[in-house]
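>>> Sequence first, then the predicted structure:
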Amino acid sequence: MTEPTTLRVFVNGKAFAASPGATVLDAVRLLDAAEADAVAAGTRAVTDSRGLPVAPETPVTGGAVLRIVSARALRANEDEA
C-alpha cells in the first residue's frame, strides 16, 4: 500500500493539503504565517474539533480539524475546569 502524498487538514474552516509528517504548526502556517508565529510565541493556541488544546509539534492526521484561539482564553478555560 502506498503512502498518501498529501493529507487534507482543516484550519479555521479552510481546507489545506499538508505533507505527511507535517505538524499542527505547519498546518497553521498554511493558513497564515503570522498566526503560526503567534502560536509559536504562545500568544495564540490551537484546539481540535472538540475544543481540546493540541500541541504545535503534534503530527497532523488526514481530516484533522484545527482552530486557532487566544492562548489567554484557553488558559482561562483550563483554570475553570
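Okay, I see it.
>>> What is the least confident helix or strand in the chain?
Sorted by mean pLDDT, DSSP states H and E, the helices and strands of the chain end with helix 71-80, the least confident at a mean of 71.
>>> count of neighbours near residue 29?
Residues contacting residue 29 under the criterion other Cβ atoms under 10 Å number 20. To be clear about C-beta, it is placed using only N, CA and C from the backbone, and glycine gets the same treatment.
>>> which residues touch residue 36?
25, 28-29 (Cβ atoms under 8 Å, 6 or more residues apart in numbering).
>>> Please tabulate these in CSV, including the columns pLDDT, distance to residue 18 and secondary structure.
Listed next are the contacts of residue 36 as CSV, based on pLDDT from 0 to 100; distance: Cβ to Cβ, whole Å; DSSP: H, G, I helix; E, B strand; the rest coil:
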residue, pLDDT, distance to residue 18, secondary structure
25, 98, 11, helix
28, 98, 10, helix
29, 98, 10, helix
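>>> where along this structure do the strands fall?
Counting by DSSP state E, the chain has strands at residues 7-11, 14-18, 44-47, 53-54, 65-70.
>>> Can you tell me how far the residue nearest the centre of the chain is from residue 2?
Most central in the chain under Cα atoms, centre = their mean is residue 24, positioned 4.0 Å from the mean C-alpha point. Per Cβ to Cβ, to the nearest Å, residue 24 is found 25 Å from residue 2.
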